[in-house]
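> sequence-free structure coming up:
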């Protein structure tokens with residue numbers, strides 16, 4: 001793997017939270033690419049004695065919580081929903097209470113209806129030492145990335161999502 005997409009962090013992280021947008025505007029192949037990367041993420045996190053959490057949002061937000069095994073993930077977290085796009089960022093607060101700083105990767109097209117509620121939570125998470133990267137399937141015109149202008153966002157096509165997720169994981173966890 002190369003570090004072309006992501007800059008190495010100042011510190012290595014043990015844990016990774018993968019946040020996947022499964023709204024109707026997300027191509028199914030992009031969603032599947034993120035899901036296919038989960039076993040690889042677990043393998044890398046396990047080598048660091050870390051854990052992985054998966055959040056899926058569309059018309060509702062579902063979280064796996066912190067898991068030590070890919071077999072712990074509930075099937076309803078892995079389902080493409082294809083509805084609206086609302087993210088309950090409060091789920092991140094619950095994950096943060098249970099872990100030291102961790103890396104987060106959001107796969108989205110930015111078309112999040114309640115982005116004005118999401119941006120402050122993500123900024124607060126980053127200010128507390130967590131890392132955030134965004135694989136951006138959108139065009140950058142929506143409010144999410146405008147609100148997160150200082151966060152690294154990588155433009156992505158649907159066929160590059162799996163590679164993007166794996167590269168982010170390697171960069172953040174294997175420093």
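Happy to help now that I have it. Computed from a prediction, not measured in an experiment: that's the story for all the values here. Numbers count the residues shown, from 1 in each chain.
> use CA for all of it now, contacts and neighbours both
OK.
> give me the number of residues near residue 170?
Burial of residue 170 is recorded as 20 neighbouring residues (other CA atoms under 10 Å).
> typo on my end, residue 38
By the other CA under 10 Å criterion, the neighbourhood of residue 38 contains 21 residues.
> if I pick it, what's in contact with it?
residue 70 (CA atoms under 8 Å, 6 or more residues apart in numbering).
> show me what contacts the residue lying closest to residue 173 once chain neighbours are set aside?
Of all residues beyond its chain neighbours, the one nearest residue 173 is residue 13 (5.0 Å), with distances taken as CA to CA, 6 or more residues apart in numbering. Contacts for residue 13 (CA under 8 Å, 6+ apart) come out as 101-103, 172-174.
> If we use 10 Å, what do you get?
Counting by CA atoms under 10 Å, 6 or more residues apart in numbering, residue 13 touches 45, 48, 50, 100-103, 130-131, 169, 171-175.
> now for those residues, which pair is the farthest apart?
100 and 171 (18.1 Å; CA to CA).
> These two: which is more packed in?
Neighbours per residue (other CA under 10 Å) separate residue 100 from residue 171, with residue 171 holding more: 20 against 13.
> pretty sure that one is in a helix, no?
Yes - per DSSP: H, G, I helix; E, B strand; the rest coil, residue 171 lies within a helix segment.
> Quick check: it touching residue 7?
Yes - taking contact to mean CA atoms under 10 Å, the distance of 7.3 Å between residue 171 and residue 7 places them in contact.
> Now do the same for the helix ranked longest in the chain: mean pLDDT, whole number.
Looking across the chain with DSSP state H, the single longest helix is helix 28-47. When pLDDT is averaged along helix 28-47, the result is 92.
> again with stretch 57-64
This predicted structure assigns stretch 57-64 an average pLDDT of 95.
> do stretch 90-109 as well
91.
> ditto for stretch 14-22
pLDDT averaged over stretch 14-22 equals 95, rounded to a whole number.
> what do you get for stretch 122-131?
Mean predicted confidence for stretch 122-131 is 92.
> returning to that earlier point: can you say which of the contacts of residue 13 are buried?
Neighbour counting with 16 or more other CA atoms under 10 Å marks 45, 50, 101-103, 130-131, 169, 171-174 as buried within the contacts of residue 13.
> before we move on, the earlier item: next, the residue nearest to residue 173: secondary structure please.
Put simply, residue 13 is coil when judged by three-state DSSP.
> got it, and the one 10 residues further on?
Recorded secondary structure, residue 23: coil (three-state DSSP).
> ditto for residue 135
Classification of residue 135 by three-state DSSP places it in strand.
> If I look at it, what pLDDT would I see?
Predicted confidence (pLDDT) at residue 135: the value is 92.
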